[in-house]
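Engineer: Here is my input, please return the structure:
(one chain, ligands or ions: 1)
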Amino acid sequence: LSACSSKLAFMHPMWQEPLAIPGGDRQSPIDIVVRKSVFDPQLRPLKVQYDPRTCQQIWNNGYSFLVEYDDTTDKSTVKGGPLEDQFRLCQFHFHWGENNAWGSEHSIDRRLFPAELHLVHWNSDKYSLFEEAVIEENGLAVIAVFLKIGKRHEGLQKLVDALPAVRHKDSLVEFTKFDPSCLLPENIDDYWTYAGSLTTPPLTEAVTWIVMKRHIEVSHDQLAVFRSLLFTSAEEQVQRSMVNNFRVQQAVKGRTVRSSFT
Ligand SMILES: NS(=O)(=O)c1ccc(C(=O)NCc2ccc(F)cc2F)cc1
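Structural biologist: Prediction:
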(Lines give C-alpha, C1' and ligand atoms only; values in the text may rest on other atoms or scores of the structure.)
Protein backbone atom coordinates (compact mmCIF):
# COMPACT_ATOMS: atom_id res chain seq x y z
CA LEU A 1 0.00 0.00 0.00
CA SER A 2 1.64 3.24 -1.02
CA ALA A 3 0.81 6.57 0.53
CA CYS A 4 -0.58 8.20 -2.59
CA SER A 5 -0.08 11.79 -1.56
CA SER A 6 -2.80 13.11 -3.90
CA LYS A 7 -5.32 10.84 -2.14
CA LEU A 8 -4.32 12.36 1.16
CA ALA A 9 -4.04 15.97 -0.03
CA PHE A 10 -7.76 16.80 0.28
CA MET A 11 -8.08 15.38 3.79
CA HIS A 12 -8.50 17.87 6.60
CA PRO A 13 -5.79 17.31 9.20
CA MET A 14 -7.14 16.85 12.70
CA TRP A 15 -5.66 20.17 13.80
CA GLN A 16 -3.84 23.09 12.18
CA GLU A 17 -0.08 22.48 11.93
CA PRO A 18 1.64 25.26 13.95
CA LEU A 19 3.70 27.77 11.96
CA ALA A 20 6.80 27.45 14.15
CA ILE A 21 7.81 24.39 16.17
CA PRO A 22 10.39 24.57 18.99
CA GLY A 23 13.64 23.29 17.33
CA GLY A 24 11.71 21.67 14.50
CA ASP A 25 14.57 19.42 13.37
CA ARG A 26 13.37 16.20 15.02
CA GLN A 27 9.66 16.03 14.30
CA SER A 28 7.51 12.89 14.00
CA PRO A 29 6.13 10.88 12.28
CA ILE A 30 8.47 10.03 9.41
CA ASP A 31 8.78 7.54 6.56
CA ILE A 32 11.45 4.98 7.46
CA VAL A 33 13.61 4.34 4.37
CA VAL A 34 14.91 0.85 5.13
CA ARG A 35 17.98 1.05 2.89
CA LYS A 36 19.05 4.29 4.66
CA SER A 37 18.69 2.83 8.16
CA VAL A 38 21.93 1.85 9.89
CA PHE A 39 22.32 -1.45 11.77
CA ASP A 40 23.63 -0.72 15.29
CA PRO A 41 25.05 -3.88 16.95
CA GLN A 42 25.17 -2.02 20.27
CA LEU A 43 21.35 -1.88 20.41
CA ARG A 44 20.28 -4.33 23.10
CA PRO A 45 17.02 -6.32 23.29
CA LEU A 46 14.11 -4.38 24.72
CA LYS A 47 13.06 -5.37 28.25
CA VAL A 48 9.32 -4.84 28.67
CA GLN A 49 7.66 -5.54 32.03
CA TYR A 50 3.95 -4.62 32.21
CA ASP A 51 1.72 -5.24 35.26
CA PRO A 52 -1.98 -5.49 34.23
CA ARG A 53 -2.97 -4.31 37.73
CA THR A 54 -1.73 -0.80 36.83
CA CYS A 55 -4.40 -0.45 34.12
CA GLN A 56 -6.99 2.15 35.21
CA GLN A 57 -9.29 3.65 32.55
CA ILE A 58 -10.03 4.50 28.94
CA TRP A 59 -10.47 8.20 28.00
CA ASN A 60 -11.58 9.76 24.72
CA ASN A 61 -9.48 12.94 24.60
CA GLY A 62 -10.81 14.13 21.24
CA TYR A 63 -7.70 12.95 19.34
CA SER A 64 -7.74 9.21 20.11
CA PHE A 65 -8.78 6.97 23.00
CA LEU A 66 -6.13 6.59 25.70
CA VAL A 67 -5.82 3.48 27.90
CA GLU A 68 -4.25 5.00 31.01
CA TYR A 69 -2.00 3.30 33.54
CA ASP A 70 -1.04 4.14 37.11
CA ASP A 71 2.48 5.52 36.67
CA THR A 72 3.10 6.47 40.32
CA THR A 73 5.44 3.46 40.76
CA ASP A 74 7.82 1.48 38.51
CA LYS A 75 5.41 -1.43 37.99
CA SER A 76 5.02 -1.22 34.19
CA THR A 77 8.30 -0.32 32.54
CA VAL A 78 10.50 -0.61 29.46
CA LYS A 79 14.31 -0.48 29.41
CA GLY A 80 17.19 -1.72 27.26
CA GLY A 81 17.14 -1.35 23.49
CA PRO A 82 18.29 2.22 22.71
CA LEU A 83 17.29 3.39 26.20
CA GLU A 84 19.88 4.42 28.80
CA ASP A 85 17.30 4.70 31.57
CA GLN A 86 14.12 3.01 32.78
CA PHE A 87 10.84 4.37 31.39
CA ARG A 88 7.38 4.04 32.96
CA LEU A 89 4.25 3.23 30.92
CA CYS A 90 1.65 5.99 31.29
CA GLN A 91 -0.77 5.25 28.45
CA PHE A 92 -1.29 3.64 25.08
CA HIS A 93 -3.44 4.82 22.17
CA PHE A 94 -3.85 4.30 18.45
CA HIS A 95 -3.98 6.25 15.17
CA TRP A 96 -6.11 4.94 12.28
CA GLY A 97 -7.70 5.80 8.93
CA GLU A 98 -11.21 6.01 7.50
CA ASN A 99 -10.39 2.88 5.46
CA ASN A 100 -7.74 0.17 5.43
CA ALA A 101 -5.57 1.93 2.83
CA TRP A 102 -3.98 4.28 5.36
CA GLY A 103 -4.07 5.33 9.03
CA SER A 104 -0.60 4.76 10.46
CA GLU A 105 1.65 7.73 11.30
CA HIS A 106 4.94 6.10 10.38
CA SER A 107 5.49 4.19 7.15
CA ILE A 108 8.14 1.72 6.01
CA ASP A 109 9.46 2.56 2.53
CA ARG A 110 6.25 4.54 2.03
CA ARG A 111 4.09 1.57 3.02
CA LEU A 112 1.29 2.74 5.32
CA PHE A 113 -0.72 0.47 7.60
CA PRO A 114 -4.41 0.78 8.55
CA ALA A 115 -3.50 1.68 12.14
CA GLU A 116 -0.59 2.22 14.56
CA LEU A 117 -0.37 1.54 18.32
CA HIS A 118 1.69 3.87 20.55
CA LEU A 119 2.80 2.70 24.01
CA VAL A 120 3.87 5.90 25.78
CA HIS A 121 6.53 5.83 28.54
CA TRP A 122 8.45 8.53 30.45
CA ASN A 123 11.96 8.51 31.97
CA SER A 124 11.40 7.74 35.66
CA ASP A 125 15.14 7.53 36.40
CA LYS A 126 15.55 11.24 35.60
CA TYR A 127 12.12 12.81 36.18
CA SER A 128 9.27 12.42 38.66
CA LEU A 129 6.29 13.28 36.45
CA PHE A 130 5.26 12.75 32.82
CA GLU A 131 4.61 16.50 32.55
CA GLU A 132 8.26 17.17 33.48
CA ALA A 133 9.67 14.53 31.12
CA VAL A 134 7.60 15.67 28.12
CA ILE A 135 9.80 18.76 27.59
CA GLU A 136 13.15 16.95 27.92
CA GLU A 137 15.01 15.47 24.95
CA ASN A 138 15.48 12.12 26.74
CA GLY A 139 12.13 12.33 28.48
CA LEU A 140 9.89 9.91 26.58
CA ALA A 141 10.03 6.54 24.85
CA VAL A 142 7.19 5.48 22.56
CA ILE A 143 6.94 1.93 21.20
CA ALA A 144 5.06 1.91 17.87
CA VAL A 145 3.41 -1.26 16.53
CA PHE A 146 1.70 -1.41 13.11
CA LEU A 147 -1.74 -3.05 12.81
CA LYS A 148 -2.71 -5.06 9.73
CA ILE A 149 -6.18 -6.38 8.86
CA GLY A 150 -6.35 -10.14 9.32
CA LYS A 151 -7.48 -12.52 12.01
CA ARG A 152 -9.31 -11.26 15.06
CA HIS A 153 -7.00 -10.22 17.92
CA GLU A 154 -8.42 -12.00 20.96
CA GLY A 155 -6.53 -9.83 23.49
CA LEU A 156 -7.78 -6.61 21.84
CA GLN A 157 -11.43 -7.64 22.03
CA LYS A 158 -11.78 -6.69 25.73
CA LEU A 159 -10.69 -3.18 24.75
CA VAL A 160 -12.95 -3.09 21.67
CA ASP A 161 -15.95 -4.08 23.83
CA ALA A 162 -15.31 -1.10 26.12
CA LEU A 163 -15.10 1.53 23.33
CA PRO A 164 -18.85 2.26 22.95
CA ALA A 165 -18.68 3.61 26.53
CA VAL A 166 -16.20 6.32 25.40
CA ARG A 167 -17.85 7.20 22.08
CA HIS A 168 -17.77 10.97 22.72
CA LYS A 169 -14.86 13.31 23.42
CA ASP A 170 -14.17 13.72 27.20
CA SER A 171 -15.95 10.46 28.10
CA LEU A 172 -14.13 8.03 30.41
CA VAL A 173 -14.76 4.48 31.56
CA GLU A 174 -13.06 2.32 34.17
CA PHE A 175 -10.88 -0.33 32.50
CA THR A 176 -8.70 -2.68 34.56
CA LYS A 177 -6.49 -5.74 34.40
CA PHE A 178 -5.39 -5.27 30.80
CA ASP A 179 -1.88 -6.44 29.92
CA PRO A 180 -0.67 -4.37 26.95
CA SER A 181 2.12 -6.86 26.19
CA CYS A 182 -0.61 -8.88 24.40
CA LEU A 183 -0.51 -6.08 21.78
CA LEU A 184 3.21 -6.54 21.08
CA PRO A 185 4.35 -8.75 18.17
CA GLU A 186 5.96 -12.09 19.11
CA ASN A 187 9.36 -10.73 18.12
CA ILE A 188 10.18 -7.36 19.76
CA ASP A 189 13.93 -7.67 19.10
CA ASP A 190 13.63 -6.32 15.54
CA TYR A 191 12.90 -2.57 15.53
CA TRP A 192 13.98 0.77 14.14
CA THR A 193 14.77 3.66 16.50
CA TYR A 194 15.22 7.41 15.96
CA ALA A 195 15.02 10.73 17.85
CA GLY A 196 11.62 12.37 17.30
CA SER A 197 8.68 14.18 18.80
CA LEU A 198 5.10 13.86 19.99
CA THR A 199 2.84 13.66 16.93
CA THR A 200 0.10 15.81 18.50
CA PRO A 201 0.43 19.19 20.23
CA PRO A 202 2.63 20.24 22.00
CA LEU A 203 4.81 18.28 19.46
CA THR A 204 7.75 18.46 21.89
CA GLU A 205 11.01 16.88 20.70
CA ALA A 206 11.26 14.51 23.67
CA VAL A 207 10.64 11.08 22.14
CA THR A 208 12.97 8.15 21.52
CA TRP A 209 10.86 6.27 18.96
CA ILE A 210 11.05 2.47 18.86
CA VAL A 211 9.16 1.26 15.76
CA MET A 212 8.54 -2.50 15.67
CA LYS A 213 9.42 -4.30 12.43
CA ARG A 214 6.72 -6.95 13.00
CA HIS A 215 3.06 -5.95 12.94
CA ILE A 216 0.06 -7.41 14.77
CA GLU A 217 -3.20 -8.47 13.12
CA VAL A 218 -6.69 -7.25 14.05
CA SER A 219 -9.97 -8.02 12.27
CA HIS A 220 -11.82 -5.62 10.00
CA ASP A 221 -14.71 -5.58 12.49
CA GLN A 222 -12.41 -4.68 15.40
CA LEU A 223 -10.98 -1.71 13.51
CA ALA A 224 -14.52 -0.68 12.50
CA VAL A 225 -15.28 -0.14 16.20
CA PHE A 226 -12.32 2.31 16.42
CA ARG A 227 -13.99 4.23 13.55
CA SER A 228 -17.30 4.35 15.47
CA LEU A 229 -15.71 6.72 17.99
CA LEU A 230 -16.29 10.46 17.70
CA PHE A 231 -13.98 13.49 17.80
CA THR A 232 -16.91 15.49 19.17
CA SER A 233 -18.46 15.70 22.63
CA ALA A 234 -22.05 14.67 23.37
CA GLU A 235 -23.19 18.32 23.51
CA GLU A 236 -21.98 19.28 20.02
CA GLN A 237 -24.62 19.46 17.26
CA VAL A 238 -22.43 18.06 14.49
CA GLN A 239 -20.87 14.67 15.30
CA ARG A 240 -17.58 13.87 13.53
CA SER A 241 -16.24 10.30 13.22
CA MET A 242 -12.86 9.75 14.81
CA VAL A 243 -10.88 8.66 11.74
CA ASN A 244 -7.65 9.81 10.04
CA ASN A 245 -6.27 10.94 13.42
CA PHE A 246 -2.67 10.81 12.18
CA ARG A 247 -0.24 13.68 11.62
CA VAL A 248 1.28 14.39 8.22
CA GLN A 249 4.80 13.01 7.90
CA GLN A 250 7.73 15.28 8.74
CA ALA A 251 11.18 15.89 7.21
CA VAL A 252 13.95 13.54 8.44
CA LYS A 253 16.41 16.53 8.41
CA GLY A 254 19.62 14.54 8.50
CA ARG A 255 18.57 12.18 11.30
CA THR A 256 19.80 8.60 11.26
CA VAL A 257 17.30 5.80 11.79
CA ARG A 258 19.07 2.85 13.44
CA SER A 259 17.97 -0.78 13.16
CA SER A 260 18.46 -3.51 15.75
CA PHE A 261 18.65 -6.12 12.99
CA THR A 262 20.44 -6.65 9.65
N1 LIG B 1 1.13 10.20 19.35
S2 LIG B 1 2.35 10.27 20.44
O3 LIG B 1 2.66 8.94 20.92
O4 LIG B 1 3.46 11.01 19.85
C5 LIG B 1 1.81 11.20 21.83
C6 LIG B 1 1.97 10.67 23.12
C7 LIG B 1 1.52 11.40 24.23
C8 LIG B 1 0.93 12.65 24.06
C9 LIG B 1 0.42 13.41 25.26
O10 LIG B 1 0.50 12.92 26.36
N11 LIG B 1 -0.14 14.63 25.07
C12 LIG B 1 -0.81 15.33 26.18
C13 LIG B 1 0.09 16.00 27.15
C14 LIG B 1 -0.28 16.04 28.47
C15 LIG B 1 0.50 16.70 29.40
C16 LIG B 1 1.68 17.31 28.99
F17 LIG B 1 2.43 17.96 29.89
C18 LIG B 1 2.07 17.27 27.70
C19 LIG B 1 1.27 16.59 26.80
F20 LIG B 1 1.69 16.48 25.54
C21 LIG B 1 0.77 13.18 22.77
C22 LIG B 1 1.22 12.43 21.65
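
Engineer: Low-confidence regions, the stretch 151-262 of the chain specifically.
Structural biologist: Within the stretch 151-262 of the chain, no stretch falls below the threshold (pLDDT under 70).

Engineer: Those residues of it touching the ligand, which are they?
Structural biologist: The interface of the stretch 151-262 of the chain toward the ligand, taken as C-beta under 6 Å from any ligand atom, is made up of 198-200, 202. Every C-beta, even on glycine, is put in place using the N, C-alpha and C of the backbone.

Engineer: Filter those down to the buried ones.
Structural biologist: Neighbour counting over those (16 or more other C-beta atoms under 10 Å) leaves 198-200 as the buried ones.

Engineer: Report the two of the residues of the stretch 151-262 of the chain next to the ligand separated the most.
Structural biologist: Within those, Thr199 and Pro202 form the most distant pair, 11.0 Å apart (C-beta to C-beta).

Engineer: would a markdown table of the residues of the stretch 151-262 of the chain next to the ligand with distance to Glu137 and secondary structure be doable?
Structural biologist: Formatted as a markdown table, these follow (distance: C-beta to C-beta, whole Å; DSSP: H, G, I helix; E, B strand; the rest coil):
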| residue | distance to Glu137 | secondary structure |
| --- | --- | --- |
| Leu198 | 12 | coil |
| Thr199 | 16 | coil |
| Thr200 | 18 | coil |
| Pro202 | 14 | coil |
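
Engineer: need the contact list for Val78.
Structural biologist: 46-49, 86-87, 89, 119, 121, 141, 143 (C-beta atoms under 8 Å, 6 or more residues apart in numbering).

Engineer: now with 7 Å?
Structural biologist: By C-beta atoms under 7 Å, 6 or more residues apart in numbering, the contact set of Val78 is 46-48, 87, 121, 141, 143.

Engineer: Isn't Asp70 up against Gln57?
Structural biologist: No: using C-beta atoms under 7 Å, Asp70 makes no contact with Gln57, being 9.9 Å away.

Engineer: Helices along this structure, start to end?
Structural biologist: Along the chain, the stretches classed as helices by DSSP state H are 5-9, 130-133, 154-162, 220-226.

Engineer: Would you state the strands of the stretch 1-150 of the chain in chain order?
Structural biologist: 31-32, 38-39, 46-49, 55-60, 65-69, 77-80, 87-96, 107-108, 115-123, 140-149 (DSSP state E, counting those that start in this stretch).

Engineer: Relative to Met212, how far out is His106?
Structural biologist: 10 Å (C-beta to C-beta, to the nearest Å).

Engineer: Common neighbours of these two, please.
Structural biologist: When contacts are counted by C-beta under 7 Å, 6+ apart, His106 and Met212 have Ala144 as shared neighbours.
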